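S.K.: I need the structure of the sequence given here:
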Amino acid sequence: MREYLFMALVSAAVTYLLVPLVRRFAIRIGAMPEVRERDVHTTPTPRLGGLAMYGGLVVGLLVASSLTYSGAALRDNGVEPVLALIVAGGLITLTGFLDDWWGMDPFIKLAGQIAAAGVLVFFGLRLTSIPLPEDWGGSTSLDPTLSTIITIMVVVVTINAVNFIDGLDGLAAGVVCIASMATWAYSIIISQDITGSNITATAAIAAVLIGACLGFLPHNFHPAKIFMGDTGAMLIGLVLASSIVTVTPVDTTAIRDMNEFPVVLPLLLPAAVLVLPLVDLITAVVRRTSRGLSPFAPDRGHLHHRLMDIGHSHRRSVLIMYAWAFLFAFGVVGMSMIGVPVLLFPAVIALALAVLVVMALPRWRGKGGAHAAPRGGEPDDDGPPTGPMPPIPPDPEARRRMPPDGTSPERASAEGNPVIPAFPSRS
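M.R.: Sure thing, here's the model as predicted:
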């Protein structure tokens, strides 16, 4: 336990200290584009925060590999997860860096994601089996070709799912941090009954990823001083996918006594920790393709955009999505700790959906939403306005607000309309 805490603290400290340097670098090279129509921030903000996260991950992984317990597991069974993540992470970070700086065709970016996933497979970080019920044949081993294809698909889908939710300050880093905490907790729980290097490697990778996200969040929470950009979103998606890949091939017969649904648990956890990004990814693809657009075409219809459009502030929208991700991920982990029937899982899903719906109701906007009046006359501390703009009054109403008389002819505009003095009290 101390080793995991140590590697997480090292990763967090390195990431936190590198962010100011990366921010100055991003400003110097011009990696802070103008505000786009779909953006929710109002001022140009530097990107490339993922460079600092990559530095924290590399140092954290190297520290983990040098420790006694986790280091032995990370070097066991001929798999080299540390080298795999450093090389694959470097490739995906370079891809994101070029996209954040110059812009990149979506299909070229997709090729970079596939190449990074291929690096993981090359170093042995792949799905070797899929846990299935005994009635279906039990755990099914995958041949090398099928293992490669499924692993690359899992990694690419996870990368894009995380990238799709990176639309609000602190959202992607917080959700991935929650998912990593759930993955780490699950690996620690099953390690009490199963010994295996893949479980320890999962816990180490998750701990380092938790540290990188926590080190970046103080700079990225609203109002953000820097964005992680595709550089960081694709990187943490890759690392999260690698932790899922290493923990999924678990022998279900070895965890039969943990609870009443051990067979589906190894598959249930990845779905639970990724439920929020996956829901956003699937709905975005369906929404765009139904309109005849490319699945990669940007728009303003993500879950976080909808929360803000109904009146929630920037921070409240992020916290709502934190709560939803936490409820799903740790609901599954909690059920793995106690014996519960499998029918309880639909109840957890229903509860999570109810929490999201209740917290997203428009009536909440009067309790801290974007349009709520400050209490006690104090100014709103929620940063610059990022929600919908107030309605523009119609032209007749605007004219009624204009002074009917007293405007000198020489101050009239060319169309004959009076001009309102800048300082009426001084005229």
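
S.K.: can you list contacts of stretch 150-157?
M.R.: Contact with stretch 150-157 is made by 110, 113-114, 116-118, 120-121, 125-127, 130, 142, 238, 241-242, 244-245, 270, 278, 281, as judged by C-beta atoms under 8 Å, 6 or more residues apart in numbering. Just so you know, the C-beta spots here come from the backbone N, C-alpha and C atoms, and that holds for glycine as well.

S.K.: please apply the same query to stretch 199-209.
M.R.: Contacts of stretch 199-209 (C-beta under 8 Å, 6+ apart): 3-5, 7-8, 11, 56-57, 60-61, 64, 69-70, 73-74, 79, 81, 85, 176-177, 180-181, 183-184, 187-188, 190-191, 236, 239-240, 242-243, 246-247, 250.

S.K.: what subset of the contacts of stretch 150-157 is buried?
M.R.: Those of the contacts of stretch 150-157 that meet the buried threshold are 110, 113, 116-118, 120-121, 125-127, 130, 142, 238, 241-242, 244-245, 270, 278, 281, by 16 or more other C-beta atoms under 10 Å.

S.K.: for stretch 277-286, buried residues please.
M.R.: Per 16+ other C-beta under 10 Å, stretch 277-286 contains these buried residues: 277-281, 284.

S.K.: that older thread, just the contacts of stretch 150-157: which are in strands?
M.R.: Ile130 (DSSP state E).

S.K.: just the contacts of stretch 150-157: which are in helices?
M.R.: Counting by DSSP state H, the contacts of stretch 150-157 place 110, 113-114, 116-118, 120-121, 238, 241-242, 244-245, 270, 278, 281 in helices.

S.K.: looking at this, Ala204 is in a helix?
M.R.: Yes. Judged by DSSP: H, G, I helix; E, B strand; the rest coil, Ala204 forms part of a helix.

S.K.: quick one: mean pLDDT for the helix or strand hosting Thr289?
M.R.: Per DSSP states H and E, Thr289 falls inside helix 275-290. Average pLDDT, helix 275-290: 75.

S.K.: what does stretch 118-137 give?
M.R.: Averaging pLDDT along stretch 118-137 gives 79.

S.K.: just stretch 161-174 next, same as before
M.R.: 85.

S.K.: repeat for stretch 71-87
M.R.: The model assigns stretch 71-87 a mean pLDDT of 82.

S.K.: and what of stretch 225-234?
M.R.: On average, stretch 225-234 scores 92.

S.K.: circling back to that earlier point, now list the buried members of the contacts of stretch 199-209.
M.R.: 3-4, 7-8, 11, 56-57, 60-61, 64, 70, 73-74, 79, 81, 85, 176-177, 180-181, 183-184, 187-188, 190, 236, 239-240, 242-243, 246-247, 250.

S.K.: thinking again about what came up before, distance to Val22 added to the buried residues of stretch 277-286, as CSV?
M.R.: Shown next, in CSV, are the buried residues of stretch 277-286 (distance: C-beta to C-beta, whole Å):
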residue, distance to Val22
Pro277, 24
Leu278, 29
Val279, 31
Asp280, 27
Leu281, 27
Ala284, 28
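
S.K.: quick one, helices of the stretch 151-300 of the chain?
M.R.: 171-190, 197-220, 229-247, 265-273, 275-290 (DSSP state H, counting those that start in this stretch).

S.K.: now distance to Gly89 too, for those, in CSV please.
M.R.: As requested, the helices of the stretch 151-300 of the chain are arranged in CSV below (distance: least, C-beta to C-beta, whole Å):
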stretch, distance to Gly89
helix 171-190, 14
helix 197-220, 10
helix 229-247, 6
helix 265-273, 19
helix 275-290, 19
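
S.K.: show me what contacts Ile282?
M.R.: Ile282 touches nothing, counting by C-beta under 8 Å, 6+ apart.

S.K.: what's the spacing between it and Ala161?
M.R.: Here the criterion is C-beta to C-beta, to the nearest Å. By it, Ile282 lies 9 Å from Ala161.

S.K.: buried ones in the biggest helix by length in the chain?
M.R.: Ranked by residue count under DSSP H, the longest helix found in the chain is helix 2-29. Of the residues in helix 2-29, 3-4, 6-16, 18-19, 22-23, 26 count as buried by neighbour count, 16+ other C-beta under 10 Å.

S.K.: just checking, next helix/strand downstream of that helix?
M.R.: helix 49-66.
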